[in-house]
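Engineer: could you look at this predicted model? Sequence included:
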Amino acid sequence: VQKTSSLMSEFARIRILGGVGLVISCILLGYIWSWPTALQWLIQAALIWAFICHQTECRLHLNRSVEQAPLYKNLGLANRLTLLLSWLIAAVAGFVFQPWPEGPAFAWLPGMIYFFAAILDRVDGYAARRTGQFSLLGTELDTVSDALGLAVAALLAYGYGQVHWSYLLVG
C-alpha cells in the first residue's frame, strides 16, 4: 500500500503532539483535581487517542479523492481538524468512570470540550469543501469520530447520573 513519507511524517507529528497534549493536560488536571484521578484520566484518554491513531494509520492509504486517484502528500486541513476533534473526544473519554469534577467552572469542563469537538465536526466538512481536498480518509475518520463521540457522550452522561441507562443504546 502506497504511503508517502511526508504523509507518514505529518501523521507521526500529530500523534506525538496529541500524546504530549494529553500529558500536559494531565499535569494541569493533577493540580486542579487530584493526581490519582488525573492519572486515570490520562490512561483513559491515551487509550482512546491510541485507538484513533491506529484507526487513522490503517486508513492513510485512503488519503485520496477517489480509489484510483493518487495519494495526497499531506492530510489537509479538514483531516487535521477531524483529528483535533477526535483528540478532544479522547480528552472527554478521560472523564468517563471518574467522579464528577467539583467547582462551577471545572464541572462544565467535559461538556465544554465536547461542545468544541461538535463545532469542529461542522467545520471539518466546510474546510474540505473550501480547500477542495475531499478524501476517502476524511469520510471514514468522520464516521469513526462521530460514533466514538456519541458513545463517549452517552457513557459520560450516564456515569454522571444525567440520563437513564437506556440512553446508552443511543451511544
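Structural biologist: Right, received. Where do you want to start?

Engineer: immediately after the helix or strand of the chain with the lowest mean pLDDT, which helix or strand?
Structural biologist: Lowest on mean pLDDT, DSSP states H and E among the helices and strands of the chain sits helix 104-107, with a mean of 77. Sequence-wise, the next helix or strand downstream of helix 104-107 (DSSP states H and E) is helix 109-131.

Engineer: next SSE downstream of that following helix?
Structural biologist: Using DSSP H and E, the first helix or strand after helix 109-131 is helix 136-159.

Engineer: that next one - contacts with which helices or strands?
Structural biologist: The helices and strands touching helix 136-159, judged by 3 or more Cβ pairs under 8 Å, 6 or more residues apart in numbering; DSSP states H and E, are helix 35-59, helix 76-93, helix 109-131. Quick note: C-beta positions are derived from backbone N, CA and C, even for glycine.

Engineer: the longest helix along the chain - what's its average pLDDT?
Structural biologist: The helix that spans the most residues within the chain, counting by DSSP state H, is helix 5-32. Computed over helix 5-32, the mean pLDDT rounds to 95.

Engineer: and the angle from that helix to helix 76-93?
Structural biologist: Going by axes from the mean of the first three to the mean of the last three Cα atoms, to 10 degrees, helix 5-32 is angled at 30 degrees with respect to helix 76-93.

Engineer: may I see the buried residues of helix 5-32?
Structural biologist: Across helix 5-32, burial judged by 16 or more other Cβ atoms under 10 Å covers 7, 10-11, 14-15, 18-19, 21-22, 25-26, 29-30.

Engineer: now stretch 113-126
Structural biologist: For stretch 113-126, by 16+ other Cβ under 10 Å, it's 113-114, 117-118, 120-121, 123-125.

Engineer: got JSON lines for those, with distance to A153 too?
Structural biologist: Formatted as JSON lines, the buried residues of stretch 113-126 follow (distance: Cβ to Cβ, whole Å):
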{"residue": "I113", "distance to A153": "11"}
{"residue": "Y114", "distance to A153": "6"}
{"residue": "A117", "distance to A153": "9"}
{"residue": "A118", "distance to A153": "9"}
{"residue": "L120", "distance to A153": "15"}
{"residue": "D121", "distance to A153": "12"}
{"residue": "V123", "distance to A153": "18"}
{"residue": "D124", "distance to A153": "18"}
{"residue": "G125", "distance to A153": "19"}
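
Engineer: quick one: which of the residues you listed is nearest L77?
Structural biologist: D124 (8.2 Å; Cβ to Cβ).
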